[in-house]
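> The following comprises the amino acid sequence and a computationally predicted model.
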Amino acid sequence: MTCKYCESIQKKDGMLYEEDGTAIILHKSPAMPGHLLVVPKEHFTIIEQTPDAIVMRLAALSNKASIALLKVLGAAGTNVIIENGTGAEQQVPHIAFNVIPRVEGDGLNFQW
């Protein structure tokens, strides 16, 4: 099975930024316009398989992505979400931090 995120990274398809073994790519089916994925360039399925140094790098880069969405898109906030495993509805078996720009009344509803 081919990993969609690994393919995007390899082809640089939708890639906005890369550094230190990590990348920011545009989500192909965004929850909101500007929905970003912060991913390791090396394939890891879930966070428990991902080395701590890479998880810390992903978190730091997610913060930078969030700041950019606030400034560039004028978002009022962001959600940073990790779908970790099939039980958490992870669709692509590659660890990713979803950074989703939000504005009041945008209609996006996460049911907990």
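Happy to help now that I have it.

> Which helix in this protein has the most residues?
Longest helix in the chain by number of residues (criterion: DSSP state H): helix 52-72.

> Any figure for the gap between residue 16 and residue 10?
Applying CB to CB, to the nearest Å, the value for residue 16 to residue 10 is 16 Å. Just so you know, the C-beta spots here come from the backbone N, C-alpha and C atoms, and that holds for glycine as well.

> Revised request: answer the last question for residue 78.
Distance from residue 78 to residue 10, by CB to CB: 27 Å.

> between the two, who's got more neighbours?
When residue 78 and residue 10 are compared for neighbours, residue 78 comes out ahead with 24 against 11, by other CB atoms under 10 Å.

> Would you confirm that that one contacts residue 99?
Yes: shown here, residue 78 and residue 99 form a contact pair, counting by CB atoms under 8 Å, at 5.7 Å.

> what is in contact with these two at once?
When CB atoms under 8 Å, 6 or more residues apart in numbering defines a contact, the residues bordering residue 78 and residue 99 alike are 66, 69.

> Based on its surroundings, how many neighbours for residue 84?
Around residue 84 sit 16 other residues, with neighbours defined as other CB under 10 Å.

> what kind of secondary structure is it in?
Assigned with DSSP: H, G, I helix; E, B strand; the rest coil, residue 84 falls in the coil class.

> Helices of this structure, residue ranges please.
4-11, 52-72.

> Which among the ones you listed is found nearest to residue 42?
Using CB to CB as the criterion, the shortest distance between residue 42 and the helices of the chain is 7.6 Å, found for helix 52-72.
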